[in-house]
Structures are given as C-alpha cells and as structure tokens.
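> turn this into a model:
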Amino acid sequence: MNEHYVPWTMRFHRFTLGNVQDDDRDAGLLVQKVNLDLNVAGFLVESTDFLLDLDTQIRWTGAITELLLDRHGIRRTA
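As a prediction, this is how the structure comes out:
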C-alpha cells in the first residue's frame with residue numbers, strides 16, 4: 001500500500017501493522033474473536049481523515065481491503 005498508494009511526501013499516512021493477536025488474551029474486538037474462534041485470518045483496517053479528502057480515504061480503504069482479500073484467495077469478480 002505504501003509503495004503504490006501513499007506518496008512519500010505523506011509520511012504521516014503510512015499504513016503500519018498494528019497488534020497481532022495470536023492467543024486468547026483479551027479478545028475484545030470482533031476481528032480477534034473471529035480469528036480465535038474460527039482460526040481464520042481477520043483484519044481491522046482504519047483510514048484516517050487527517051489531511052485526506054473523502055475520495056482518497058475511500059480509494060485507500062478499498063485498495064487495502066482488496067489486497068488483503070486477494071492474499072487470502074478471495075478475488076473480485078464482475
């Protein structure tokens with residue numbers, strides 16, 4: 001994402017990997033519960049509105065969602 005979507009001049013907008021939940025401690029988020037109960041990948045993607053227009057927020061969120069799904073074998077169809 002950072003290489004293809006986020007301009008180098010926008011270093012405060014870089015996508016980063018947050019906490020990785022790999023056991024049953026504090027499964028407070030639905031995405032963590034899905035991962036723990038079903039043993040499947042779960043993701044939480046948050047885009048900022050800090051100095052970003054709505055179109056860019058939507059484009060970046062859609063792109064990262066499609067990339068994550070594609071990496072798990074779920075591809076967009078017509």
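> pull the distance from the lowest-mean-pLDDT helix or strand in the chain to the chain's centre.
Ranked by mean pLDDT, DSSP states H and E, the weakest helix or strand in the chain is helix 30-38, scoring a mean of 81. On the basis of CA atoms, centre = their mean, to the nearest Å, helix 30-38 sits 16 Å off its chain's mean C-alpha point.
> same thing with stretch 31-47?
Here stretch 31-47 is found 11 Å from its chain centre; the criterion is CA atoms, centre = their mean.
> give the buried residues for the top helix by length along the chain.
Secondary structure assigned by DSSP state H gives helix 54-71 as the longest helix of the chain. Going by neighbour count (16 or more other CB atoms under 10 Å), the buried part of helix 54-71 is Thr56, Trp60, Ile64. Any C-beta I mention is one placed from the backbone N, CA and C, and that applies to glycine too.
> now stretch 30-45
Neighbour counts over stretch 30-45 (16+ other CB under 10 Å) mark Gln32, Asn35, Leu36 as buried.
> and the residues you listed, which is closest to Arg71?
For the buried residues of stretch 30-45, the residue nearest Arg71 by CB to CB is Asn35; the value is 15.2 Å.
> hang on, isn't the closest one packed against Phe43?
No - counting by CB atoms under 8 Å, Asn35 stays clear of Phe43, with 9.2 Å between them.
> overlap in contacts of those two?
Common contacts of Asn35 and Phe43 (CB atoms under 8 Å, 6 or more residues apart in numbering): none found.
> of the buried residues of stretch 30-45, which is the nearest to Met1?
Met1 has its nearest neighbour among these in Asn35, at 20.9 Å by CB to CB.
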